[in-house]
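Participant: give me the fold of what follows.
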Amino acid sequence: MAWNCDTDGLLPVSKAKEIILGAINVVKEIEEVSLDDALNRVLAVDVSSPINVPAYDNSAMDGYALRHEDLTNTSQFQLVGKSFAGNAFSHRIESGECVRIMTGAELPEGADTVIMQENAEVEGDSVSFTVAVDKGEAVRPKGDDIREGASVLQSGKKLSPIDIGLLASLGCDKVEVYRKIKVAVFSTGDELLSVGEAARSDRIFDTNRPMLKAMLTSLGAEVIDLGIIPDDRALIQQTFERADQEADCVITSGGVSVGEADYTKEVLDEYGDIDFWKLAIKPGKPLAFGRLKKSVFFGLPGNPVSSAVTFDQIATPALKCMAGQLPSSGIQLQAEASSVFRKRPGRADYQRATFFTNDEGLLCVQSAGSQSSGVLSCFSNSNCYALIEQERGRVEIGENLTILPFSSLIQSSD
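Facilitator: As a prediction, this is how the structure comes out:
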């Protein structure tokens, strides 16, 4: 069933997400990239370790390597050599012998314990120890971190800097990843100016397209920027046709309401299939999703806050899935309202808010103030959404709320 402007009621967010995930196709193409180019790419194959990490028993600190059993017979040891990382002691140690060893250095054959240098007294080639230690003290065994053949990373993992380091520790210089999804973006409206154009009293700058391009880049997508399209039905249709040929997903901003000059719906009714047109979400009710001949389509609202919220909460999970990324539910926390949150029942409301820990250690949340869909600056003094459920109304001080901390798409964690 298609949900549209003529349908009584609004489509719940959960149902919208279900429809979207049922309509999208996950990319299948795989490419090999160097480790230097693998950051934020989505792994296409499972990775198992070809080696043990560490590759050999080594010392966890600077000290002296010895045979633990010798400590029951003597406290005096003969110093017979040194072992450095990359330049190990090459002989087997015998009873009563010890080797000066540095952090990361390979444990000499025969040794099984390291005593830190602060617990040793040295006189020439004679070393005595002032404390008792357990067998295996300060030794990092071969394969202690990763065993040869062990599963390390799963297909669908978006590679982080730590993942890059992990792959490097295995000696991987190349990795197989899914190709980047291609997303075409354009804005519609005669009232829009591109950034860099001279300001005009009867025009506004196109906020959404630069914002959405940045969000898509953060997600790892390949962005196809088709610019600003005037309110001209033929031009809008031409742009949709081009975008559909070049991209996996098409995202527009504006033109999804029911005004006289909003031609997007009219074009899509002929060129594609619209799954829904109105969503029970605030901000962002006039959000469209559908399928073109070769791609899927998101029609985001023109108001900047509505565009940001719907992209973050509705489009982002779908785009991650398209890219082959493993699903993630994100972080949800419960907090006590420290201010009133005004709301009417009927739509799930993603209000901008700030969460904090009060003097009693209780997690609290307060409204960021204006919730206008045109006030993009509200994100700068907030760090989360206060999610007020569809059928819930006004929230009083002291009531519990679900909060969704902002992801890096919305706000840097630094």
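Participant: do you know how far the closest residue to Ala353 other than its chain neighbours is from Ser372?
Facilitator: Computed as Cβ to Cβ, 6 or more residues apart in numbering, the closest residue to Ala353 that is not its neighbour in sequence is Ala386, at 4.0 Å. Just so you know, the C-beta spots here come from the backbone N, C-alpha and C atoms, and that holds for glycine as well. To Ser372, Ala386 is 16 Å away according to Cβ to Cβ, to the nearest Å.
Participant: more neighbours: which of the two?
Facilitator: Ala386 (27 against 11; other Cβ atoms under 10 Å).
Participant: I'd say Ala150 and Pro50 touch.
Facilitator: No - with contact defined as Cβ atoms under 8 Å, Ala150 does not count as touching Pro50 (10.3 Å).
Participant: average pLDDT for the lengthiest strand in the chain?
Facilitator: When the chain is parsed with DSSP state E, its longest strand is strand 348-357. The pLDDT scores in strand 348-357 average 96.
Participant: show me what the following helix or strand past that strand is packed up against.
Facilitator: Tracing the chain past strand 348-357, the next element assigned as helix or strand by DSSP states H and E is strand 363-367. For strand 363-367, the packing partners by 3 or more Cβ pairs under 8 Å, 6 or more residues apart in numbering; DSSP states H and E come out as strand 333-337, strand 348-357, strand 384-388.
Participant: what's the neighbour count on Ser339?
Facilitator: Residues lying near Ser339 (other Cβ under 10 Å) number 17.
Participant: how about it, what does it touch?
Facilitator: The contact partners of Ser339, taken as Cβ atoms under 8 Å, 6 or more residues apart in numbering, are 366-367, 397.
Participant: mind redoing it with 6 Å?
Facilitator: Contact partners of Ser339, counting by Cβ atoms under 6 Å, 6 or more residues apart in numbering, are 366-367.
Participant: ok, and for stretch 84-97, which residues are buried?
Facilitator: 88-89, 93, 97 (16 or more other Cβ atoms under 10 Å).
Participant: what's the answer for stretch 62-81, then?
Facilitator: Those would be 62-68, 70-71, 77, 79-81, for stretch 62-81 by 16+ other Cβ under 10 Å.
Participant: chain center to that stretch, what's the gap?
Facilitator: Distance, stretch centre to chain centre, for stretch 62-81: 49 Å (Cα atoms, centre = their mean, to the nearest Å).
Participant: show the end-to-end separation of it, please.
Facilitator: 14 Å (Cα to Cα, to the nearest Å).
Participant: before we move on, what about stretch 176-185?
Facilitator: 27 Å.
Participant: kindly report the same for stretch 121-129.
Facilitator: For stretch 121-129, the end-to-end distance is 6 Å (Cα to Cα).
Participant: which residues touch Ala386?
Facilitator: When contacts are counted by Cβ under 6 Å, 6+ apart, Ala386 touches 341, 351, 353, 365, 401, 403.
Participant: got it, and Gln237?
Facilitator: Contact analysis of Gln237 by Cβ under 6 Å, 6+ apart lists Val267.
Participant: would you mind measuring from Cys98 to Gly374?
Facilitator: Counting by Cβ to Cβ - Cys98 and Gly374 are separated by 74 Å.
Participant: higher neighbour count, the two?
Facilitator: More crowded of Cys98 and Gly374, by other Cβ under 10 Å: Cys98, with 28 against 15.
Participant: how far out from the middle of the chain is whichever helix or strand the more buried one is part of?
Facilitator: Cys98 belongs to strand 97-101 when elements are defined using DSSP H and E. In terms of Cα atoms, centre = their mean, the centre of strand 97-101 is set 46 Å apart from its chain centre.
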